[in-house]
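S.K.: Could you look at this predicted model? Sequence included:
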Amino acid sequence: MTQDPAASSMPDMQSSADPREIAIDRVGVREVVYPIRLRTRDGGEQGSVARVSMYVALPHTQKGTHMSRFIEVLEAHAGEPLTPEDFPGIARAIRDRLNAQEAHIEASFTYFIKKKAPVTGIESLMDYKVTFSCTANGADDFKMTVAAPATSLCPCSKEISEYGAHNQRCEITATVRFDGSMWIEDLVEICEGASSLEVFALLKRPDEKYVTEKAYENPKFVEDIVRDLAIALNEDDRVTWYAISSENFESIHSHNAYAELERRKR
């Protein structure tokens, strides 16, 4: 990277000693809005806009960090199509560029998956909230988070009612550490599989009939959703740790139902 001659002659206050001798766990930049490109499971690519936060651990001897260098690292990787496996390399680049013992990066973005309606097969794009985060401190600690909207239908309502049952939208969130390769699409499908039924952006009448009846045949409490999701993640040999939750946006109450759990597999 080319050094500005004028800058090299200026005082570097960030690198000066700090007499208070208090280390800082994380210092850096937050909520940088930045375009990214992502590789998709089908071999293609898609663009999105991420909110990126980047930090380093600051030793007790150093007054400050060099904020501009975070953006320099981001610019150096601009336009590169990313997979979860690529992301730790950016965390290591931040650590090296700022001469830090530890660096952290987190990027949250919207990811689109094309889905077919269950009966008519009509296609539409569903949006999902995704976060990649990684800490580099000699080892790489990468985590992927997916938040998937879904349907839940109340087992109690179905049991006690003469006809019908109340259902609601829910948001199922899974954060995982894993070995090997895992696509965003993989984790979305695992999350959706734990619900009463996945949701779609576009449905025609035959599809609406199908999803209404299918959810009725598969009632689940919020507790059922997180337990079934835990079973699915336990059975996936790639996953080494997970933290999962479901928030059900109740249709007959003024409050939401919520459950979460965290497990380390190895």
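M.R.: Structure's in. What do you need? Numbering: from 1, shown residues only.
S.K.: Model confidence for residue 5, exactly?
M.R.: In the predicted model, residue 5 carries a pLDDT score of 56.
S.K.: Sorry, wrong one. I was asking about residue 60.
M.R.: Residue 60 is assigned 89 on the pLDDT scale.
S.K.: element containing it, please.
M.R.: Secondary-structure assignment from DSSP states H and E places residue 60 in no helical or strand segment.
S.K.: how about it, what does it touch?
M.R.: Residue 60 sits next to 18, 20, 21, 22, 23 when contact means C-beta atoms under 8 Å, 6 or more residues apart in numbering. The C-beta positions use only the backbone N, C-alpha and C, and glycine is treated the same way.
S.K.: Show me what the one helix or strand residue 188 maps to is packed against.
M.R.: According to DSSP H and E, residue 188 maps onto helix 184-193. With contacts defined as 3 or more C-beta pairs under 8 Å, 6 or more residues apart in numbering; DSSP states H and E, helix 184-193 has these neighbours: strand 103-116, strand 123-136, strand 140-153, strand 167-178, helix 222-235.
S.K.: Out of those, which is closest to residue 216?
M.R.: Evaluated over the helices and strands packed on helix 184-193, closeness to residue 216 peaks at strand 140-153, with 6.1 Å, by C-beta to C-beta.
S.K.: Sketch out the low-pLDDT regions of this structure for me.
M.R.: 1-16 (pLDDT under 70).
S.K.: Where is the longest strand in this protein?
M.R.: Longest strand in the chain, counting residues (DSSP state E): strand 24-39.
S.K.: following that strand, which helix or strand shows up next?
M.R.: Assigned by DSSP H and E, the successor of strand 24-39 is strand 45-58.
S.K.: what angle do that next one and strand 103-116 make?
M.R.: Taking axes from the mean of the first three to the mean of the last three C-alpha atoms, to 10 degrees, one finds that strand 45-58 is oriented at 160 degrees with respect to strand 103-116.
S.K.: Which secondary structure elements does strand 45-58 sit against?
M.R.: Checking 3+ C-beta pairs under 8 Å, 6+ apart, strand 45-58 ends up next to strand 24-39, helix 67-76, helix 87-97, strand 103-116.
S.K.: Adding distance to residue 151 and mean neighbour count, write these out as TSV.
M.R.: Shown next, in TSV, are those (distance: least, C-beta to C-beta, whole Å; neighbours: other C-beta atoms under 10 Å):
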stretch	distance to residue 151	mean neighbour count
strand 24-39	27	15
helix 67-76	38	16
helix 87-97	31	19
strand 103-116	14	18
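S.K.: Can I get the ones you listed in CSV including distance to residue 126?
M.R.: Converted to CSV, those look like this (distance: least, C-beta to C-beta, whole Å):
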stretch, distance to residue 126
strand 24-39, 15
helix 67-76, 28
helix 87-97, 23
strand 103-116, 5
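S.K.: how about the ones you listed, which one is nearest residue 171?
M.R.: Among the helices and strands packed on strand 45-58, the nearest to residue 171 by C-beta to C-beta is strand 103-116 (13.9 Å).
S.K.: how far does that closest one sit from the chain's center?
M.R.: Once both centres are worked out by C-alpha atoms, centre = their mean, to the nearest Å, strand 103-116 turns out to sit 6 Å from its chain's centre.
S.K.: Could you spell out the sheet neighbours of it, each with its direction?
M.R.: Strand 103-116 pairs in its sheet with strand 45-58 (antiparallel), strand 123-136 (antiparallel), by DSSP bridges.
S.K.: quick one: the last one to strand 140-153, angle?
M.R.: So the one you mean is strand 123-136. Using the same axes, to 10 degrees: strand 123-136 against strand 140-153 is 150 degrees.
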